[in-house]
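Asker: Would you be able to build a 3D model of this:
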Amino acid sequence: MLKAMVVVAVGWIGAPILISQTTALPAAPAPIPDLLQEASEAYWSGKFDTAVEKYQAALRQNANSAEVYAGLARTYLKQEKVDAAFATAKQGVAELPASLAVHTALGEVYFRQAKMVEAEKEFLVGVNDPHPDARACLGLSRLYDVYSLHARARTMLNRAHELDPRDRDIQRRWMRTLRRQEQIELLEKYLAAPSNDNEDLTRSLHTYLELLRERAKQTRTNCQLVSKVRSTETALTPMLYDPKHLHGFGLVVKVNNQSSRLLLDTGASGLLINKKLAKKAGIEPLVTNQFGGIGDKGDASGFIGYADSIKIGELEFQHCLVEVSDKRSVLDDDGLIGADVFDHYLVTIDFLWQKLKLEELPQRPGEKAATATLASQEPGEADDEAGPGEAPQKASTENQSAEAKTANAKPAEGAGIGPQDRYVAPEMLSYTKIFRFGHDLLIPTRVGTAPPKLFLIDTGAMMNSISPEAAREVTKVHGDDMRVRGLSGSVKNVFSADKAMLEFSHFRQENQDMTAFDLSNVSRNAGTEISGILGFTTLRMFTLKIDYRDGLVDFIYNGPKQ
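Answerer: Just a heads-up that it's a prediction; the model follows:
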């Protein structure tokens, strides 16, 4: 910009003459509303560095803007700069304690840090206000889902969408509650617009859209149980990575009558088989797909297809989706089966007697018996015929813990229709409540004297693992030449942690060896901090009883008295 400079000179008659000159000076600061608009546009289009620059400029001009603090904290979260996001949100709450926006942003940071009680408290500030904050409703919906309070989660999600249907984070979750054709139409519009979704999420949404389109063309019904047996018991088979060392237990699974041994993996989802088995079973590609897990080699390629028949013990399911790896083997096995495919059953994994038992879940009071399926299809697909979850429970907005409110909640009117809240049957009162993030089962675990953190229950992981950051809080971390391998290849920079006490559920184990490696990708994909993994070496000492529906796990110790 130019600014006039006035110079005084003396003319020939002695009168002063004004001579105007111009010099370049810095531009005047942009108005706060303009900076906020530019920052918001940069944020929603994925230009996070620009968004940070604009928000910081706005903050320098006005430290009393709730929108600036909330927007900057969310941008830092998108960049996985969790500490910076926390500092920003905390400062915002300190400066503007009456603002709903900054309380909601702080709740989102707490959720990412796996501080669920603190997150709930912040979200309730925005939900209970006479003019509720839409993103507070979204945050509480996410929280209730991981608490297995699915009816309350649905109510909060619908409320969030009513308050702000243009928020893309709300849109993305809400569209999954609709019928297939409605999902297709909305997802097409969503993916055509500018986005701040990361590459993995964008790719998975495109795959999901393609899968929805292909399934709409099919005459097949959803995956369903066709055998009359409603429970079964089948043998677990030892899986060896060399003649002397066990790395897990598997199941004999017949895919289109082709027999296979699939690793039973509580840290995985669905059915994943190698291309050799898929070819024998006649599995044809429906859509291409990429999948990944622990490892530094990036996602592996493959496809999704239909299996006409899947037999496990005495159970037979028909018309179920399976994932196929382009590799000839999946971790040196025929494939793996995520225990979450049995989420319509009470799953008992008995490592001592090497058996898997599937039983009907306790029936909620007043609820009709549900038809069992193999949960191999994409989330949101299974309810296509049932509709978008009618008659959900009304969510409570009382300022108290969700856990305290619903441990044995009364069934909703019209129970059995649509999503339902956690029900703890009398015979399950001793079970441990866990957080369920999709197929991941996360359990509060104490390492040494540090505060509890979330660990993944993972029968497919050989050893107990911990993030280096969590390990350094309680013990020493050393360089090591150990090898850790997952679906995404080998892991770089694997360390060993000195022996430490592990405490989870009702158990304490002294002097547990752990590997330490970066779990940030696992945490990012889950959307919350995962600080470690309870692997096969520990889990094999127990009989595990898993109720996926209600987010409950029981550990029955099979070893010598501690």
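
Asker: is it fair to say Val322 lies in a helix?
Answerer: No: Val322 is assigned strand when assessed by DSSP: H, G, I helix; E, B strand; the rest coil, not a helix.

Asker: residue contacts, the residue lying closest to it once chain neighbours are set aside?
Answerer: The spatial neighbour of Val322 that comes closest, neighbours along the chain excluded (Cβ to Cβ, 6 or more residues apart in numbering), is Leu271 at 4.4 Å. All C-beta spots, glycine's among them, are computed from the backbone N, C-alpha and C. Contacts for Leu271 (Cβ atoms under 8 Å, 6 or more residues apart in numbering) come out as 253, 255, 262, 307, 310, 320-323, 335-338, 341, 376.

Asker: out of those residues, which are buried?
Answerer: 253, 255, 262, 307, 310, 320-323, 335-338, 341, 376 (16 or more other Cβ atoms under 10 Å).

Asker: Among those residues, which lie within strands?
Answerer: Those of the buried ones among the contacts of Leu271 mapping onto strands are 253, 255, 262, 307, 310, 320-323, 335-338, per DSSP state E.

Asker: Please render the residues you listed as JSON lines that adds distance to Arg436 and pLDDT to the earlier fields.
Answerer: JSON lines is the format used below for those (distance: Cβ to Cβ, whole Å; pLDDT from 0 to 100):
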{"residue": "Val253", "distance to Arg436": "24", "pLDDT": "95"}
{"residue": "Val255", "distance to Arg436": "27", "pLDDT": "96"}
{"residue": "Leu262", "distance to Arg436": "22", "pLDDT": "94"}
{"residue": "Ala307", "distance to Arg436": "25", "pLDDT": "95"}
{"residue": "Ile310", "distance to Arg436": "23", "pLDDT": "95"}
{"residue": "Cys320", "distance to Arg436": "21", "pLDDT": "92"}
{"residue": "Leu321", "distance to Arg436": "21", "pLDDT": "92"}
{"residue": "Val322", "distance to Arg436": "22", "pLDDT": "94"}
{"residue": "Glu323", "distance to Arg436": "20", "pLDDT": "93"}
{"residue": "Gly335", "distance to Arg436": "23", "pLDDT": "91"}
{"residue": "Leu336", "distance to Arg436": "19", "pLDDT": "91"}
{"residue": "Ile337", "distance to Arg436": "18", "pLDDT": "93"}
{"residue": "Gly338", "distance to Arg436": "13", "pLDDT": "92"}
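
Asker: Near Gly282, how many other residues are there?
Answerer: 14 (other Cβ atoms under 10 Å).

Asker: from now on call the first residue 7
Answerer: Okay, residue one is now 7; in that scheme the one you just asked about reads as Gly288.

Asker: Is it correct that it is in contact with Val261?
Answerer: No: Gly288 is beyond contact range of Val261, at 9.3 Å (criterion: Cβ atoms under 8 Å).

Asker: Mind jotting down where the helices sit in the stretch 407-556 of the chain?
Answerer: 408-412, 474-478, 526-532, 542-545 (DSSP state H, counting those that start in this stretch).

Asker: Tell me which of those approaches Asn228 most closely.
Answerer: helix 526-532 (26.0 Å; Cβ to Cβ).

Asker: for the closest one, which positions count as buried?
Answerer: Asn527, Val528, Ser529, Asn531, Ala532.

Asker: Rounded mean pLDDT for that helix, please.
Answerer: Averaging pLDDT along helix 526-532 gives 91.

Asker: For the lengthiest helix in the chain, list the C-alpha coordinates in PDB.
Answerer: Secondary structure of the chain per DSSP state H: the longest helix is helix 205-223. Extracted as PDB, the C-alpha positions of helix 205-223 are listed here (Å, rounded to 0.1, in the frame of the first residue of the first chain):
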ATOM      1  CA  GLU A 205      -6.000 -39.400   1.700                       C
ATOM      2  CA  ASP A 206      -6.900 -42.700   3.400                       C
ATOM      3  CA  LEU A 207     -10.400 -41.500   4.300                       C
ATOM      4  CA  THR A 208     -11.100 -40.100   0.900                       C
ATOM      5  CA  ARG A 209     -10.000 -43.400  -0.700                       C
ATOM      6  CA  SER A 210     -12.100 -45.500   1.600                       C
ATOM      7  CA  LEU A 211     -15.200 -43.300   0.900                       C
ATOM      8  CA  HIS A 212     -14.700 -43.800  -2.900                       C
ATOM      9  CA  THR A 213     -14.400 -47.500  -2.400                       C
ATOM     10  CA  TYR A 214     -17.500 -47.500  -0.200                       C
ATOM     11  CA  LEU A 215     -19.500 -45.500  -2.800                       C
ATOM     12  CA  GLU A 216     -18.400 -48.000  -5.500                       C
ATOM     13  CA  LEU A 217     -19.400 -50.800  -3.300                       C
ATOM     14  CA  LEU A 218     -22.900 -49.300  -2.700                       C
ATOM     15  CA  ARG A 219     -23.400 -48.800  -6.400                       C
ATOM     16  CA  GLU A 220     -22.400 -52.400  -7.100                       C
ATOM     17  CA  ARG A 221     -24.500 -53.800  -4.300                       C
ATOM     18  CA  ALA A 222     -27.500 -51.900  -5.700                       C
ATOM     19  CA  LYS A 223     -27.200 -53.900  -8.900                       C
END
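
Asker: quick one: it to chain centroid distance?
Answerer: 18 Å (Cα atoms, centre = their mean, to the nearest Å).

Asker: go on, stretch 462-481?
Answerer: Stretch 462-481 sits 18 Å away from the centroid of its parent chain (Cα atoms, centre = their mean).

Asker: Ok, stretch 65-74 next?
Answerer: Using Cα atoms, centre = their mean, the offset of stretch 65-74 from its chain centre is 32 Å.

Asker: Between the two ends of it, how far is it?
Answerer: 6 Å (Cα to Cα, to the nearest Å).

Asker: How about the contacts made by Phe461?
Answerer: Phe461 touches Leu448, Ile449, Pro450, Thr451, Phe510, Ile536, Ser537, Gly538, Ile539, Leu540, counting by Cβ under 8 Å, 6+ apart.
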